[in-house]
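Engineer: Have a look; sequence and predicted model below, questions after that.
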Amino acid sequence: MLDLGTNAPAPAHPESRPAFKPAMGTGWKRDAAKAGLDDSVTLAQLDSEMAEQSANQGMKATYRQYLLPDARLHRAGVMPLADPSSILAFLDEQEWTSVSYEPIATGLSQSADLGYSYGKYSLLRKGVPEKGYYTRVWKRDNKGYWKIAMDVANALPPEPSKP
């Protein structure tokens, strides 16, 4: 169970809930990893790489290379986005001028095909600073590379203005 306390608007038609859709299998097997796959790359390193790439290439370009086809993005006040095209469109609409991540912890499943990372983030949107916490669930794709299955960010309340 992962409860990060995000708030999302109520569904427009709660009586017509979408049917449950299980996550897609990746087909990755630990013993079948492709040659050249660097298993020494940790999820904390991936978070740090994403932060650097986001600063240099932008969020949309960075996320494009890390999203699984059934990835989900959760942000406060927005219905969960459940496919790469809607996630990338959402990220493209944001007016962030800087983003940084600071990984706090990561973990892996015993099978090493599922992992998580969480940490602090800070960004600047339209000149207004925002700080908060993020959690990512990572899953290996069929080639054994880490991809984002779920990304959740929660902003902290704004810091009070100084008189």
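Structural biologist: Here it is on my side, so go on.
Engineer: so residue 157, which of the three states?
Structural biologist: Applying DSSP: H, G, I helix; E, B strand; the rest coil to residue 157 yields a three-state assignment of coil.
Engineer: List the residue ranges of the protein that fall below the pLDDT cut-off.
Structural biologist: Per-residue confidence for the chain (pLDDT under 70) gives these ranges: 1-41, 163.
Engineer: Mind doing that once more with 90?
Structural biologist: Filtered on pLDDT under 90, the chain yields the residue ranges 1-59, 76-78, 94-103, 105-114, 123-128, 141-145, 158-163.
Engineer: ranges for the helices of it?
Structural biologist: In the chain, the segments counted as helices under DSSP state H are 43-57, 59-66, 84-93.
Engineer: And the longest one, what's buried?
Structural biologist: Applying a neighbour-count criterion of 16 or more other C-beta atoms under 10 Å, the buried positions in helix 43-57 are 43, 44, 46, 47, 48, 50, 51, 53, 54. Just so you know, the C-beta spots here come from the backbone N, C-alpha and C atoms, and that holds for glycine as well.
Engineer: Which strands and helices lie in contact with that helix?
Structural biologist: The elements that helix 43-57 packs onto, with contact taken as 3 or more C-beta pairs under 8 Å, 6 or more residues apart in numbering; DSSP states H and E, are helix 59-66, strand 96-108, strand 114-125, strand 128-140.
Engineer: Leaving out chain neighbours, which residue sits closest to residue 61?
Structural biologist: Nearest residue to residue 61, sequence neighbours excluded (C-beta to C-beta, 6 or more residues apart in numbering): residue 53, at 7.4 Å.
Engineer: Can you add distance to residue 113 and give the helices of the chain back as JSON lines?
Structural biologist: Shown next, in JSON lines, are the helices of the chain (distance: least, C-beta to C-beta, whole Å):
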{"stretch": "helix 43-57", "distance to residue 113": "13"}
{"stretch": "helix 59-66", "distance to residue 113": "16"}
{"stretch": "helix 84-93", "distance to residue 113": "20"}
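Engineer: To residue 137, which of these lies closest?
Structural biologist: Nearest to residue 137 among those is helix 43-57; the distance by C-beta to C-beta comes to 10.0 Å.
Engineer: Please state the offset of that closest one from the chain centre?
Structural biologist: With C-alpha atoms, centre = their mean, to the nearest Å as the basis, the distance from the averaged C-alpha position of helix 43-57 to the chain average is 12 Å.
Engineer: let's number from 697 now, not from 1
Structural biologist: With 697 as the first residue, the last one maps to helix 739-753.
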